[in-house]
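# Next comes the sequence, and after it the predicted model I'd like to discuss.
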Amino acid sequence: MKILILSCNTGEGHNSAANAVAELMRPKGHECHIRDALAYLSRGVSSFICNWHVRIYRNIPFAFNIGYRLCEKGQNGKDRSVVMSFLKGGTDKLYAEIKEGDYDFVLSTHPFSAYMYTNVKKKHGVNIRSGFIATDYVCCPPVDKTDIDCYFIPHESLKADFTARFVPEERLYGTGLPVRPEFYKKYPKAVVKRALDLPDGKDNVLLMCGSMGCGPLKELAVSLSKALPDSAHLTVICGSNKRLKKSLDDHGFERGNVRVLGYTKNVHYYMDSAEFIITKAGGITCTESMVKGLPMVLVNAIGGCESYNRDFFTAKGGAVIAEGDVAELAVKLLSSKKKLKAMSAAMNALYMGNAAENICDIICGKER
């Protein structure tokens, strides 16, 4: 098959899901082309949107939350928003790509790209099979305004949320949310700690806030370094946030119980080494943690769709909300192995198998 995968560079999660599917399908002989859907508006527009998305996430996250809530209010209503009208501007270029590429399937990993393909269908009469991967544990706008053949959702229990937004139940597939292949492999803590040169015999606490390194990471790192017992160590992953990495490096930690990393491809190893992770509730990070059976302490850094991710995992027992003194909560968790074991079991119970494989089987017409 020849598959066009439409992503958006607004956060790495959408690209991560796109790559997870492509990496599985290509060795099977399928041809996958990943495209930035916003580039069909123009490369300049895509760059502008992505740059400002990062700035808002890092510096004024409440603005993202406000914008999301406003979009949410327009769900199930008429298709008249400024954003929706703007996205229609890429319809003709996307149609040209689809026509020239002679694709068998169009897969979207962002609501915007799913909406853009819906407009291609309406305007040009295209009827190529299509799919949409929901990268959050909620039906985000403008999914309610899309017409897609297969909606791949992170968990079976979320179907009611999507049908409430007029997504036909027969088009919903509880496949799980695809993450990179390396996250499906688990290694013993002691082995991984030796490989990563982490302190032997100490509990490792992992602190990160997505690929962009947003949220109060520095404040949390400083307070955790002071509060953690001598039997614990803190690993901080700053992602692509170079300014944050430098700030933490310059700060220094008197107790020497903190390792600060920038961007790393070894997040899966650090997850295997950790007792639990303190993070924002991004859909991909939550899913990676779930696949690893790793308990989560979730910080409300962004709001918006991430509030639903947080609610989902706390309700299922795999996470706790970081309210009040996060450092104090971390110390309590470290002293309660029984609690951590129960949280890990809850995460394992949510696991629905390799989501990329589930999605690929459906795309290829195999039974679930």
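Now that the structure is in, tell me what you want to look at. Since we're looking at a predicted model, the values are computed, not measured. Residues are numbered from 1 along each chain as shown.
# all contacts plus neighbour counts: C-alpha atoms, from now on.
Will do.
# Which helix or strand in the chain has the lowest average pLDDT?
In the chain, no helix or strand scores lower on mean pLDDT, DSSP states H and E than helix 61-73, which sits at a mean of 66.
# okay, the residue sitting furthest away from the middle of the chain: pLDDT?
Distance from the C-alpha centroid of the chain peaks at residue 254, with 33.8 Å (CA atoms, centre = their mean). At residue 254, the pLDDT value in this model is 75.
# For it, give me phi and psi.
Note on residue 254: backbone dihedrals following degrees, to the nearest 10 are phi -60, psi -40.
# distance of residue 355 from residue 207?
Computed as CA to CA, to the nearest Å, the residue 355 to residue 207 distance reads 25 Å.
# Equivalent analysis for residue 122, please.
Taking CA to CA, one finds residue 122 at 45 Å from residue 207.
# ok, the two, which is more surrounded?
Regarding residue 122 and residue 207, a neighbour count based on other CA atoms under 10 Å identifies residue 207 as having more, with 23 against 13.
# Which secondary structure element is home to that one?
Element membership for residue 207, per DSSP states H and E: strand 203-208.
# partner strands of that strand, parallel or antiparallel?
strand 232-237 (parallel), strand 274-280 (parallel) (DSSP bridges).
# contacts for the shortest one?
The contact list for strand 232-237 (CA atoms under 8 Å, 6 or more residues apart in numbering) reads 199, 202-209, 213, 221, 224-225, 257-264.
# Kindly report the same for the longest one.
For strand 274-280, the surrounding residues in contact (CA under 8 Å, 6+ apart) are 189, 203-210, 215, 271, 289, 294-302, 306, 334, 340.
# hmm, try it at 6 Å
Identification of contacts with strand 274-280 by CA atoms under 6 Å, 6 or more residues apart in numbering yields 204-209, 294-299, 301.
# One more: stretch 118-136?
Residues contacting stretch 118-136 (CA under 6 Å, 6+ apart): 91, 95, 105-109, 146-153, 283.
# May I ask which of these has the most neighbours?
Most surrounded of the contacts of stretch 118-136: other CA under 10 Å gives residue 108, at 30 neighbours.
# and that one, bridged to which residues?
Counting by DSSP bridges, the residues bridging with residue 108 are residue 6, residue 132.
# mind checking pLDDT for it?
At residue 108, the pLDDT value in this model is 98.
# Offset the numbering so it begins at 325, please.
Yep, numbering from 325; the last one is residue 432 now.
# Going by residue numbers, what spans are helices in the stretch 375-524 of the chain?
Per DSSP state H, counting those that start in this stretch, the stretch 375-524 of the chain carries helices over the ranges 385-397, 406-411, 415-425, 435-448, 483-487, 513-520.
# contacting residues around stretch 613-621?
So stretch 613-621 is contacted by 600, 601, 602, 642, 643, 644, 645, 646, 667, 668, 671, 672 (CA under 6 Å, 6+ apart).
# For residue 475, which residues are in contact?
455, 456, 495, 496, 497 are the contacts of residue 475 under CA under 6 Å, 6+ apart.
# Also residue 581?
Contacts for residue 581 (CA under 6 Å, 6+ apart) come out as residue 557.
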